[in-house]
Every structure is written in structure tokens, then in C-alpha cells.
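Engineer: How does the following fold in three dimensions:
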Amino acid sequence: MAQDSSLPAFWDQRYEQGVTPWEGAAGDTQMQQFFARLAPDSKVLLPGCGSAVDVPWLLSAGMRVDAIDFSHEAVKRARQALQGSSARLWQADFFALQADAHYDAIFERAFLCALPPRLWESYTHKVSQLLRPGGFLAGVFFLADKPKGPPYGTSLAELHQRLDPAFSLLSCQPVAAAIPVFAGQEYWMVWQRLAD
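Structural biologist: Below you'll find the predicted structure:
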């Protein structure tokens, strides 16, 4: 099995073999309430969407959703799940997306912790490019002392170190209904993109 989680083959193999313990989480109350407060028709990016289980509730909150994953197998499953929906879904590398600041929110769901830490600086740079000033990086972050992964753990202090120059943390709360692989270590956070 491929061992480098920065490569699509790593994720393709896991989807093909049904080894997807990160799948199955639902949007809990705090997430749904946050997105319900955004302006209707806000444009939301869901990177590393996997089988797209978060897309239906984001759509029901009135969001316009772009969902991407660089795994062919993940996109194949997402396409089946999203048949007939208004979401835009395509296979793409997050780091190769055109750097237009046109998203109102980026929904983080087990994407950062799936990336090897050597890519975290690039992640920070890309979310800064893709979000409009005042937009939100909102989602579930894996806070754990776990340098080997995926999932790769981080700390709140490290997130502040990476995001503070461009973002302000508005909310940080434990996720009540975490899935077993992340149990007790998932935190719902809302970071607001500051003006340049």
C-alpha cells in the first residue's frame, strides 16, 4: 500500500480497499449553525472532500459548494453521492487551484491532518489566497501529539503560529460527535481571514 499521503495513489488504494475510518462524520449542531448564519449563496470550498458526506448539509444551509479531491476513487464515490445536486465536484489538487480570493468560506474536515506536515506552510498560503478578506476557514481540526500519520496531529499553539499573521481565531470548541479515529481530539474552529 502506498505510504505517502501527499500522493493520490495513497488515497485511491484506501478507498479501493474500504480502509476509510475518517469517513462518516456528520455535520453537528455547531457546524450547521455557523453555516446557517452565513449569507445565502455564500461560496464554500470543501478540499479533500472524500465521498462528500458534508456536501448535502452545506447545500441545505444555502451554500454554493465546490468540492474537490485529488483521489480518483474518492471523486468517483462523491459523484455517486451527489447525483442531481447543485454542488460542483471535480478531481483537483488543492495546491494547484487558481489563487483567486473568491471563497466566502473553506470547510476544513480532516484535510490538514491528512497532509504531511511538510505541506502545512503551503496549506496556510493557499487558504489565504483562496479566501476573500473577511472570509472564514471553518471546520474540524485534529489537535493531538501525533507526529506520525495520517492523521497528523497539531496543536492550537502551532495553528496560531501558522495562521495568526493572516487570520483571527473566533471560535474553538471540542466536537461532541467525533468519529472514533479522532475521538476526543477534534475541535471545531472558525478562523476569519484578515484584510491584507
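Engineer: mind listing the helices for this protein?
Structural biologist: Ranges of helices in the chain, per DSSP state H, are 8-17, 29-37, 55-60, 72-81, 120-130, 156-163.
Engineer: which stretch among the ones you listed comes nearest D93?
Structural biologist: Between D93 and the helices of the chain, the shortest separation by C-beta to C-beta is 8.3 Å, and it involves helix 8-17. No exception for glycine: its C-beta is placed from N, CA and C like everyone else's.
Engineer: which outside residues touch that closest one?
Structural biologist: Counting by C-beta atoms under 8 Å, 6 or more residues apart in numbering, the neighbours of helix 8-17 from elsewhere in the structure are 1-5, 19-20, 51, 69-74, 76-77.
Engineer: Number of residues surrounding the nearest residue to E73 once chain neighbours are set aside?
Structural biologist: Nearest-residue entry for E73: Y15, 3.6 Å, with adjacent residues in sequence omitted and distances by C-beta to C-beta, 6 or more residues apart in numbering. By the other C-beta atoms under 10 Å criterion, the neighbourhood of Y15 contains 20 residues.
Engineer: Numbering from 777 from now on, please.
Structural biologist: Understood, numbering begins at 777; the last thing we discussed is Y791.
Engineer: Poorly predicted segments of this structure, please.
Structural biologist: Scanning the chain with the threshold set as pLDDT under 70 gives 777-778.
Engineer: still on that earlier bit, could you identify the buried members of the contacts of helix 784-793?
Structural biologist: S781, T796, S827, D845, F846, S847, E849, A850, R853 (16 or more other C-beta atoms under 10 Å).
Engineer: Which residues lie in contact with the last one in this structure?
Structural biologist: By that I understand R853. Y791, G826, S827, A828.
Engineer: And it, how far from C889?
Structural biologist: Using C-beta to C-beta, to the nearest Å, R853 is found at 20 Å from C889.
Engineer: Please apply the same query to the fourth one.
Structural biologist: Between D845 and C889 the distance is 15 Å, computed by C-beta to C-beta.
Engineer: max-length strand in this protein?
Structural biologist: Secondary structure assigned by DSSP state E gives strand 907-918 as the longest strand of the chain.
Engineer: Show me what counts as buried in that strand.
Structural biologist: Neighbour-count burial for strand 907-918 [16+ other C-beta under 10 Å]: L907, G911, F912, L913, A914, G915, V916, F917, F918.
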